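Visitor: attaching a predicted model along with its sequence, questions to come.
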Amino acid sequence: MLKPEQIRGARAMLGLTQAEVAKRAGISTTGLNNIERGSSDPKASTLTAIQQVFEAAGVEFTNGGEPGVKLRRKDPV
């Protein structure tokens, strides 16, 4: 399950605004803001939609010892 810190980090890596991510995920900007601040308990389907936005843009989420986020490494041509 995505953590607020991962969502904020992914958004920052990609240089996207909350409004851009919210629109792509089909949720309100206020909803995304609340999720990023940890002040709401989103449905699993909402978190999945947000995750799909970031993964489509080349982000990978890690959930090992510490939840994290990184840009997918492109294979050399």
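Guide: Nice, thanks for sending it over. Residues are numbered from 1 along each chain as shown.
Visitor: okay, how far is it across stretch 48-66, tip to tip?
Guide: Stretch 48-66 stretches 20 Å from its first residue to its last (CA to CA, to the nearest Å).
Visitor: for it, what is the average pLDDT?
Guide: Regarding stretch 48-66, the rounded mean pLDDT is 90.
Visitor: now do that stretch: distance to the chain's middle.
Guide: In terms of CA atoms, centre = their mean, to the nearest Å, the centre of stretch 48-66 is found 6 Å from the chain centre.
Visitor: can you list the buried residues in that stretch?
Guide: Buried residues in stretch 48-66, defined by neighbour count with 16 or more other CB atoms under 10 Å: Ala49, Ile50, Gln51, Val53, Phe54, Ala57, Val59, Phe61. Yep, even glycine has a C-beta here, placed from its N, CA and C like the rest.
Visitor: secondary structure element holding Ala22?
Guide: Take DSSP states H and E as the rule and Ala22 turns out to sit in helix 18-25.
Visitor: ok, back up a step: among the buried residues of stretch 48-66, which are in helices?
Guide: The members of those that map onto helices under DSSP state H are Ala49, Ile50, Gln51, Val53, Phe54.
Visitor: of all the buried residues of stretch 48-66, which comes closest to Arg73?
Guide: Distance to Arg73 across these (CB to CB) is lowest for Val59, with 11.6 Å.
Visitor: what about the strands in the chain?
Guide: With DSSP state E as the criterion, the chain has strands at 59-63, 67-71.
Visitor: in CSV: those strands, plus distance to Glu5.
Guide: Shown next, in CSV, are the strands of the chain (distance: least, CB to CB, whole Å):
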stretch, distance to Glu5
strand 59-63, 11
strand 67-71, 7
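Visitor: ok, the buried residues of stretch 48-66 vs Glu5, which is closest?
Guide: Nearest to Glu5 among the buried residues of stretch 48-66, with distances taken as CB to CB, is Phe61, at 10.8 Å.
Visitor: which elements pack onto the helix holding Ala22?
Guide: Applying 3 or more CB pairs under 8 Å, 6 or more residues apart in numbering; DSSP states H and E, one finds that helix 18-25 makes contact with helix 4-14, helix 29-37, helix 44-56.
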